[in-house]
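J.: using only what follows, build the 3D model:
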Amino acid sequence: MKITLLAVGSKMPRWVDDAFADYSKRFGRDIQFELKEIKPEKRGGGVTAEKGMAAECARIEAAIPPRSKLIVLDERGQDWTSVRLASEMKTW
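T.: A predicted model of the protein is given here:
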């Protein structure tokens, strides 16, 4: 299985790199884990928040590998435990 984590931002803070490295080890050799940084849209200069988010959305959609199962992390979404996520991943 291959997992691609898409994140809007560039030059991620060290804690992101550390967490990514830690999770890469936890997944083991059966799972390829990749982090793709999506270039954020510049703010200001007549670019509204709505236009900026639309541009970032297009970049995210372009970065999604073909035939992917899409999981979106959002604070308003369902609260899954690690056990539930692992169980769902087994079915994928």
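J.: neighbours around the residue lying closest to Ala49 once chain neighbours are set aside, how many?
T.: Nearest residue to Ala49 in three dimensions, chain neighbours excluded: Arg43, at 7.5 Å (CB to CB, 6 or more residues apart in numbering). Bear in mind the C-beta positions are built from the backbone N, C-alpha and C, glycine included. If you count neighbours by other CB atoms under 10 Å, Arg43 ends up with 10.
J.: surely Arg43 and Gly52 touch.
T.: Yes - using CB atoms under 8 Å, Arg43 is in contact with Gly52, at 6.0 Å.
J.: follow-up on the earlier one: over to the residue nearest to Ala49: give its phi and psi.
T.: Phi and psi for Arg43, reported as degrees, to the nearest 10, are phi -100, psi 150.
J.: shaky segments in the chain?
T.: For the chain, no stretch has pLDDT under 70.
J.: where do the strands sit along this structure?
T.: For the chain, the strands defined by DSSP state E occupy 2-8, 32-38.
J.: then the first one to PDB, C-alphas only?
T.: What follows is strand 2-8, C-alpha atoms only, in PDB (Å, rounded to 0.1, in the frame of the first residue of the first chain):
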ATOM      1  CA  LYS A   2       1.100   3.500  -0.700                       C
ATOM      2  CA  ILE A   3       0.100   6.500   1.400                       C
ATOM      3  CA  THR A   4       0.600  10.000   0.200                       C
ATOM      4  CA  LEU A   5       0.100  12.800   2.700                       C
ATOM      5  CA  LEU A   6      -0.600  16.100   1.000                       C
ATOM      6  CA  ALA A   7       0.000  19.300   3.100                       C
ATOM      7  CA  VAL A   8      -0.300  22.900   2.000                       C
END
